[in-house]
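> give me a 3D structure for the following:
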Amino acid sequence: RTVLDLDPTHLSLYCLTIEPGTPMQRWLLNGRIQPPDPDLAADQYELACTLLAEHGYDHYEISNWAKPGQECEHNLTYWRNGEYLGLGAGAHGHAAGVRYQIVKQPRVYLRRLEEAATLGYPLSTAVAASHSVSRAEAISDTMMTQLRLLNEGLDLAAFEAKFGQSVAEVYGGTLEQMLGWDLVAVANGRLRLTQKGWFLSNQVFYRFMLDNEA
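Now for the predicted structure:
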């Protein structure tokens, strides 16, 4: 409610994740703090959904709300599984069917850019790691990112045009199961998370992940 008094145009609200190797993880292991309560987190999320809707915010992504026309264009590229260039130390990129990571240290980054060798787009001598995106990975990424967009969801015709198979053909019984559990729904040619699915989105995404032999 304090934040709402400031009337921001955009809000990103994420549940706390305790990452390995962080001070917070050490505090948790030492008993200094308690682990996040998933039931409390769900209650807080539900309250946020209610309050933000009452104040005119559009819940356009699982963890993001915006006033009309104020959606984050930068992150929409990621959520639509689009391509983007990673420029600068520590950056990540996704272009021409390749995902890559630039070296993290600025001095190493600058030194490598001075090397004469050239690599094929989008790679450079400053790239620390890269891999070609497999078909299974591309499908999984598309499902996981586009289902995060609560209004847009996944365009079923666009999916079939891109991958040569429908979502039903790729996922078969898994899709039927998700529909039967009321975690996703199909309307107007799009697959979207239901409100029930918002709270169990990680479970939905997990079931839509394909291994590289799929």
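> list the contacts of residue 98.
With contacts defined as CB atoms under 8 Å, 6 or more residues apart in numbering, residue 98 is in contact with 122-123, 130-133. Glycine gets a C-beta too; all of them are placed from N, C-alpha and C.
> beta partners of it?
For residue 98, the residues forming beta bridges with it (DSSP bridges) are residue 95, residue 132.
> out of the contacts of residue 98, which is nearest to residue 33?
Taking CB to CB as the measure, residue 33 lies nearest residue 131 of the contacts of residue 98, at 36.3 Å.
> for that closest one, give its distance to residue 80.
From residue 131 across to residue 80, the span is 21 Å (CB to CB, to the nearest Å).
> give me the more crowded residue out of the two.
Here residue 131 and residue 80 are compared on neighbour count by other CB atoms under 10 Å; more neighbours surround residue 80, at 15 against 11.
> name the nearest residue to that one, sequence neighbours excluded.
Distances taken as CB to CB, 6 or more residues apart in numbering place residue 146 nearest to residue 80, at 6.4 Å, with adjacent residues excluded.
> give the contact list for the one you found.
With contacts defined as CB under 8 Å, 6+ apart, the neighbours of residue 146 are 79-81, 152-155.
> any of these buried? List them.
Buried subset of the contacts of residue 146 (neighbour count, 16 or more other CB atoms under 10 Å): 79, 81, 152-155.
> where strands are concerned, which of those count?
154-155 (DSSP state E).
> so which of the contacts of residue 98 is the most crowded?
Across the contacts of residue 98, neighbour numbers were computed from other CB under 10 Å; residue 122 holds the maximum, 19 neighbours.
> and for the closest residue to that residue other than its chain neighbours, the neighbour number?
In space, and not counting its chain neighbours, residue 122 is closest to residue 95: 4.0 Å by CB to CB, 6+ apart. Summarising burial for residue 95: neighbours were counted as other CB under 10 Å, giving 15.
> do I have it right that residue 95 meets residue 124?
No. Look at residue 95 against residue 124 with CB atoms under 8 Å: they stay out of range, at 11.7 Å.
> tell me the secondary structure at residue 117.
Secondary structure of residue 117, reduced to three states by DSSP: H, G, I helix; E, B strand; the rest coil: coil.
> and for it, the neighbour number?
The local packing count at residue 117 equals 7, with neighbours defined by other CB under 10 Å.
> for residue 70, see how far away the residue nearest to residue 80 is.
Counting by CB to CB, the gap from residue 146 to residue 70 is 20 Å.
> what do you get for residue 168?
From residue 168 to residue 70 the distance is 35 Å (CB to CB).
> for residue 133, what are its contacts?
Residues in contact with residue 133 (CB under 8 Å, 6+ apart) are 94, 97-99, 141.
> what helix or strand is the residue nearest the centre of the chain on?
In the chain, the centroid-proximal residue (CA atoms, centre = their mean) is residue 145; its distance is 4.6 Å. In this assignment (DSSP states H and E), residue 145 forms part of helix 135-146.
> how far out from the middle of the chain is that helix?
10 Å (CA atoms, centre = their mean, to the nearest Å).
> try stretch 20-32
Its chain's average C-alpha position is 26 Å from that of stretch 20-32, according to CA atoms, centre = their mean.
> in that stretch, what's buried?
By neighbour count with 16+ other CB under 10 Å, stretch 20-32 contains no buried residues.
> span of that stretch from start to end?
Distance across stretch 20-32, first residue to last, is 16 Å (CA to CA, to the nearest Å).
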